[in-house]
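[1] Next one to model:
(4 chains)
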4 protein chains.
Amino acid sequence: MSNLPDQLLAGYRNFMGGRYISESGRYRELAREGQTPETMVIACCDSRAAPEAIFDAGPGELFVVRNVANLVPPYAPDGEYHSTSAALEFAVQSLKVKHIVVMGHGRCGGIKAALAPDAEPLSPGDFIGKWMSLVAPAADAVSGNTMMTAGERQTALERISIRYSIANLRTFPCVKILESKERLSLHGAWFDISTGELWVMNRETGDFERPDLD
Amino acid sequence: MSNLPDQLLAGYRNFMGGRYISESGRYRELAREGQTPETMVIACCDSRAAPEAIFDAGPGELFVVRNVANLVPPYAPDGEYHSTSAALEFAVQSLKVKHIVVMGHGRCGGIKAALAPDAEPLSPGDFIGKWMSLVAPAADAVSGNTMMTAGERQTALERISIRYSIANLRTFPCVKILESKERLSLHGAWFDISTGELWVMNRETGDFERPDLD
Amino acid sequence: MSNLPDQLLAGYRNFMGGRYISESGRYRELAREGQTPETMVIACCDSRAAPEAIFDAGPGELFVVRNVANLVPPYAPDGEYHSTSAALEFAVQSLKVKHIVVMGHGRCGGIKAALAPDAEPLSPGDFIGKWMSLVAPAADAVSGNTMMTAGERQTALERISIRYSIANLRTFPCVKILESKERLSLHGAWFDISTGELWVMNRETGDFERPDLD
Amino acid sequence: MSNLPDQLLAGYRNFMGGRYISESGRYRELAREGQTPETMVIACCDSRAAPEAIFDAGPGELFVVRNVANLVPPYAPDGEYHSTSAALEFAVQSLKVKHIVVMGHGRCGGIKAALAPDAEPLSPGDFIGKWMSLVAPAADAVSGNTMMTAGERQTALERISIRYSIANLRTFPCVKILESKERLSLHGAWFDISTGELWVMNRETGDFERPDLD
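    Sure, this is the predicted structure:
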């Protein structure tokens, strides 16, 4: 029995009858020549914030890591398995991407969990608890600020986390060197699921601002 | 200065003028009510194999982890950071997804690296080398078969890796239990970038077969 | 008593009332002038993979050897009876065919037997066991890979066997010489009984690929 | 570069657009359930005498060996490679066919070679010479009869060879036993390429006669 959920099979039929037909030449070329994306996106697993949708990206354009809360751990060459670091190394050293975008979004479940550290673990392994502890210092600082609303604390930590991940990117020697040579640039973005607004990080100040789309 | 690569800004304009307009109600509802995806997809970072494209998925449909070579490490509640395990825990325990799909694809750079273990590390940290060592036993078994072509060895390991990840999913107690209660089902799929063909794993035999799309 | 199985007599009536009527001129000419096929096909005896059906070939087009698993033994001018070598010699030296196609197929019973060398012989003579031992080294290499499914091992050996037979064709001096003069070309093909898909061997890499039929 | 002769690709297109479409259910069933042909045909490689054409046979109906001059060598369990004996063993012991038809035809190149034993070998290996020496005693007897025309000698040897192959079939213990139990029957047939006439061997007398098709 070889099956997939009905919804996925129906979606695949649409793909084959639609996008694949109109882009089959591109797919064949990408298979033959290999991928050469210029941009790596580090995004969240959230079903509402797919980077290809938000950036209307076609095949071959975005190399995409997705983990909970779009985090980048600090450089740790300790011989352990590092999913995100492996993807970063591959994108920078093998694919030689020119841009890395850390893209967060509103109402992020991972960030919400980080702001409720005393909640029950989701399972005995507590993988989410451990993973989100990467931003624990920031979470502690934000959650203590009771003059901000719960929604404001959430948005604040979502944005702090993006800056934190960008700072961690720079702990990787290859990123630091290539950025200093202006062959790689780092970007932050935050997507508002409700309004569809994209906010882009100002690289001087760290503020998130609406981009000029004209 | 708040900028993004031009291509991404242009793509975002398309999104706002296209998909967001037609689905703004859905986005607003998803923001208000939260996400309730029925399916988690574990896919590769590769720019040519975005699950939302292949399954023509709209906002809220797929909870997506993407790492190099769509691997799931075995259950290891050791207190370390586990990106994929954290996402899995969140999807199963918090979102209560009904399906998990491990989706591999042809010409995967990570699998290619696994089949060339003596190649130079991409960087001193050798994150890719370590990450792909998760499938080292299978890679060794495959790479020793010099009567298969390089392409055949690559496809073989891509498919073995999907089965390996599915087996590792079952090492997580919550997955094992929910699957036994028929509240969660596990699927494998393999996408041929060149032809657009999707091959679906037969759950009895492990073979990959073309789904019946009629 | 001159009889044939009813089904064959009924089929022959159809032939005489159909194909022979429409092609009687061709049959008469072929009888008068002799056959001049441009292509030799080495195919399997399997009832599901007749080359004339798959290539929609009319009378006079294909010179066809069929043995179990479409094997070509290596050149052995030892004075013994060699059925396949005799047919090859006749096709190349007397008919001067321009193409030789080794055509394998899925779910081949001979290949399945090669992957189960410890099974009981079918009869005391063990002719199948001996015949399939022609691909024993490849069968051993494949059957040791228990991470591939039984179906994957079978397909792998089917394709390795085609490459092996093509390599053996080149051990015949006449084939080697004519190929080097570009007066003879060798091809591999693999037929999927279930889907009807034909996969054609890439002569550079040995990989089997779907031909471009546009 | 994966190519096939143009004529074969064109023919395959016809197959996929014609026979496969109308019989895809049968092909899928044959793939799933395996082949169960009731009849084995031992035929010649000749491009003008394909059994599936002459018997208008669909997929799954005929298990077909084709060698030069449709010969069956005598039973020789000597541990050597025996292509035809292996196919016979597989058909009788594994597929349990009910009928074996040895089908010869007019203007057979192999028989012609057997009648000219002093001709130059086609190649230093002389595989055809050795192969056709299987019927050397009959060929010697016929070629000495200078009162028959060349055409008559050829037809005579074609028919003698069919009877000889049927006699050799009975040297295989499994054939002899199953025939005595009436679970297997042996048939001879001879096809006239020019007129399309099929002549069927009378099992009592050995004569070839036109079958009653009414």
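
[2] rest of the way, CA atoms for contacts and neighbours
    OK.

[3] So the spatially most central residue of chain A: helix, strand or coil?
    Nearest to the mean C-alpha position of chain A, by C-alpha atoms, centre = their mean, lies residue A:43 at 1.6 Å. Classification of residue A:43 using DSSP: H, G, I helix; E, B strand; the rest coil returns strand.

[4] same check, this time on residue A:129
    Residue A:129 falls in the helix class when you classify it by three-state DSSP.

[5] where's it relative to chain C, distance?
    Note on residue A:129: its distance to chain C, by C-alpha to the nearest C-alpha, to the nearest Å, is 34 Å.

[6] Need the pLDDT of the residue nearest to that residue when sequence neighbours are not counted.
    In this structure, residue A:129 finds its nearest non-sequential neighbour in residue A:121, 6.6 Å apart by C-alpha to C-alpha, 6 or more residues apart in numbering or on different chains. Per-residue pLDDT puts residue A:121 at 93.

[7] Quick check: the gap between residue A:121 and chain D.
    48 Å.

[8] State the number of residues packed around that residue.
    16 (other C-alpha atoms under 10 Å in any protein chain shown).

[9] so where's chain A shaky on pLDDT?
    Applying pLDDT under 70 to chain A flags residues A:1-2, A:214.

[10] so what's the residue of it found nearest chain C up against?
    Residue nearest to chain C within chain A (C-alpha to the nearest C-alpha): residue A:28, separated by 11.7 Å. Taking C-alpha atoms under 8 Å, 6 or more residues apart in numbering or on different chains as the criterion, residue A:28 is in contact with B:193-195.

[11] returning to that earlier point: correct me, but the residue nearest to the centre of chain A touches residue A:67?
    Yes - if you go by C-alpha atoms under 8 Å, residue A:43 and residue A:67 touch, sitting 6.6 Å apart.

[12] Is any residue of stretch A:56-73 near chain B?
    Yes - residues of stretch A:56-73 are located near chain B by C-alpha under 8 Å from any C-alpha of the partner chain, namely A:56-57, A:59-68.

[13] Domain parsing of chain A, as residue ranges.
    Following automatic domain parsing, one finds the domains of chain A at A:1-34, A:35-209.

[14] Highest mean neighbour count out of those domains?
    domain A:35-209 (a mean of 20; mean count of other C-alpha atoms under 10 Å in any protein chain shown).

[15] Pairing partners for residue A:103 in the sheet, please.
    Bridge pairing for residue A:103 (DSSP bridges) gives the partners residue A:43, residue A:189.

[16] which one's the longest helix in chain A?
    The helix that spans the most residues within chain A, counting by DSSP state H, is helix A:150-169.

[17] Could I have the CA atoms of that helix written out in PDB?
    C-alpha atoms of helix A:150-169 as PDB (Å, rounded to 0.1, in the frame of the first residue of the first chain):
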ATOM      1  CA  ALA A 150       1.600  39.400  26.400                       C
ATOM      2  CA  GLY A 151       1.400  40.200  22.700                       C
ATOM      3  CA  GLU A 152       4.100  42.800  23.000                       C
ATOM      4  CA  ARG A 153       6.400  40.500  24.900                       C
ATOM      5  CA  GLN A 154       5.800  37.900  22.200                       C
ATOM      6  CA  THR A 155       6.700  40.200  19.300                       C
ATOM      7  CA  ALA A 156       9.600  41.600  21.300                       C
ATOM      8  CA  LEU A 157      11.100  38.100  21.800                       C
ATOM      9  CA  GLU A 158      10.400  37.100  18.200                       C
ATOM     10  CA  ARG A 159      12.500  40.100  17.000                       C
ATOM     11  CA  ILE A 160      15.200  39.700  19.600                       C
ATOM     12  CA  SER A 161      15.600  36.100  18.500                       C
ATOM     13  CA  ILE A 162      16.100  37.100  15.000                       C
ATOM     14  CA  ARG A 163      18.900  39.400  16.000                       C
ATOM     15  CA  TYR A 164      20.300  36.700  18.300                       C
ATOM     16  CA  SER A 165      20.400  34.200  15.400                       C
ATOM     17  CA  ILE A 166      22.100  36.800  13.200                       C
ATOM     18  CA  ALA A 167      24.700  37.300  15.900                       C
ATOM     19  CA  ASN A 168      25.200  33.600  16.100                       C
ATOM     20  CA  LEU A 169      25.700  33.400  12.400                       C
END
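
[18] now the angle between helix A:150-169 and whichever helix or strand comes after that helix, please.
    Counting by DSSP states H and E, the next helix or strand C-terminal to helix A:150-169 is helix A:173-180. Counting by axes from the mean of the first three to the mean of the last three C-alpha atoms, to 10 degrees, helix A:173-180 lies at 90 degrees to helix A:150-169.
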